[in-house]
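# Provided below for reference: sequence and predicted model.
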Amino acid sequence: MRYMETTNKGHLINNPNKDTSAEYCRRTWKVGKELLKGISESLGLEANYIEDTMNLDSGWQMIAANMYPPCPQPELAMGIPPHSDHGLLNLLMQNGVSGLQVLHNGKWINVSSTVNCLLVFVSDHLEVVSNGKYKSVLHRAVVSNKATRMSLAVVIAPSLDTVVEPANELLDNQRNPAAYVGMKHTDYMQLQRSNRLNGKAVLDKVKI
Ligand SMILES: O=C(O)CCC(=O)C(=O)O
Ligand SMILES: [Fe+2]
């Protein structure tokens, strides 16, 4: 079961006064921006580079609550199929019940479900902006027959009309040519929503 709400710069659009979730959105937006400063610097760019070029002033945020009730035949079901997320970062909170797995060196690895901790996933747009220096995380959620699992995902993303493309400053025609073509965030999201979640298939469409 999945519940999603879009927010604008950390404010719930439909529900500006819904206190706890609105506050959570505002604070995670700030965390995301701070992380993106460090990530910009790690790429040798100005701290505000990603914030400025991705127009985070009018950035797009989505909060998604996932609930996976116990399943009598878990081996026959999948909570969320393998996919990577759109946007720059996904900040994920879990309820202590495991089920999340990431693909690492061709193997699905269980991620511990520590409570009161944010797991940070690199998402597709960060892979594009960094021209592949950061790779978006391929992940999935399996179900169990024991306990109900819950997770809360917050996507930190560029404004909808931003054309997301590799940072010019990271490119050099000889040694490091652009590995992705630019695409408007809104078109990227449209592509993702009009297809079933399928690994990194959407990202593959902008790969050169
Ligand atoms: O439930 C999880 O841990 C993963 C959820 C997820 O992949 C998502 O919300 O994008
Ligand atoms: Fe995801």
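Sure, I can see it. Ligands and ions are numbered 1, 2, ... in the order given.
# C-alpha from now on. contacts and neighbour counts both.
OK.
# At which residues are the helices of this protein located?
19-42, 49-53, 124-129, 185-193, 201-206 (DSSP state H).
# possible to save those as JSON lines with mean pLDDT, mean neighbour count and distance to ligand 1?
Formatted as JSON lines, the helices of the chain follow (pLDDT from 0 to 100; neighbours: other CA atoms under 10 Å; distance: least, CA to the nearest ligand atom, whole Å):
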{"stretch": "helix 19-42", "mean pLDDT": "92", "mean neighbour count": "17", "distance to ligand 1": "15"}
{"stretch": "helix 49-53", "mean pLDDT": "98", "mean neighbour count": "18", "distance to ligand 1": "22"}
{"stretch": "helix 124-129", "mean pLDDT": "98", "mean neighbour count": "26", "distance to ligand 1": "12"}
{"stretch": "helix 185-193", "mean pLDDT": "92", "mean neighbour count": "16", "distance to ligand 1": "12"}
{"stretch": "helix 201-206", "mean pLDDT": "92", "mean neighbour count": "16", "distance to ligand 1": "14"}
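# now those helices as JSON lines including distance to residue 135?
As requested, these are exported to JSON lines (distance: least, CA to CA, whole Å):
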{"stretch": "helix 19-42", "distance to residue 135": "13"}
{"stretch": "helix 49-53", "distance to residue 135": "16"}
{"stretch": "helix 124-129", "distance to residue 135": "5"}
{"stretch": "helix 185-193", "distance to residue 135": "17"}
{"stretch": "helix 201-206", "distance to residue 135": "11"}
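# quick one, strands of this structure?
2-8, 11-12, 60-68, 80-83, 89-94, 100-104, 107-110, 119-122, 139-141, 149-157, 163-164, 183-184 (DSSP state E).
# By mean pLDDT, point me to the weakest helix or strand of this protein.
Lowest by mean pLDDT, DSSP states H and E among the helices and strands of the chain is strand 11-12, with a mean of 56.
# which residues pair with the residue nearest the centre of the chain across the strands?
Closest to where the C-alpha atoms of the chain average out (CA atoms, centre = their mean) is residue 90, at 3.4 Å. With DSSP bridges as the criterion, residue 90 is bridged to residue 121, residue 155.
# That one and ligand 1: what is the separation?
Residue 90 sits at a distance of 7 Å from ligand 1 (criterion: CA to the nearest ligand atom, to the nearest Å).
# again, but for residue 194
16 Å.
# Which residue is most remote from the mean position of this structure?
Distance-from-mean max, the chain, by CA atoms, centre = their mean: residue 174 at 30.8 Å.
# What parts of the chain come near ligand 1?
Counting by CA under 6 Å from any ligand atom, the chain comes close to ligand 1 at 64, 66, 85, 100, 140-141, 151, 153.
# if we can go back for a sec, would TSV of the strands of the chain with distance to residue 50 be doable?
Output for those, formatted as TSV (distance: least, CA to CA, whole Å):
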stretch	distance to residue 50
strand 2-8	17
strand 11-12	21
strand 60-68	14
strand 80-83	23
strand 89-94	12
strand 100-104	25
strand 107-110	30
strand 119-122	14
strand 139-141	24
strand 149-157	10
strand 163-164	10
strand 183-184	15
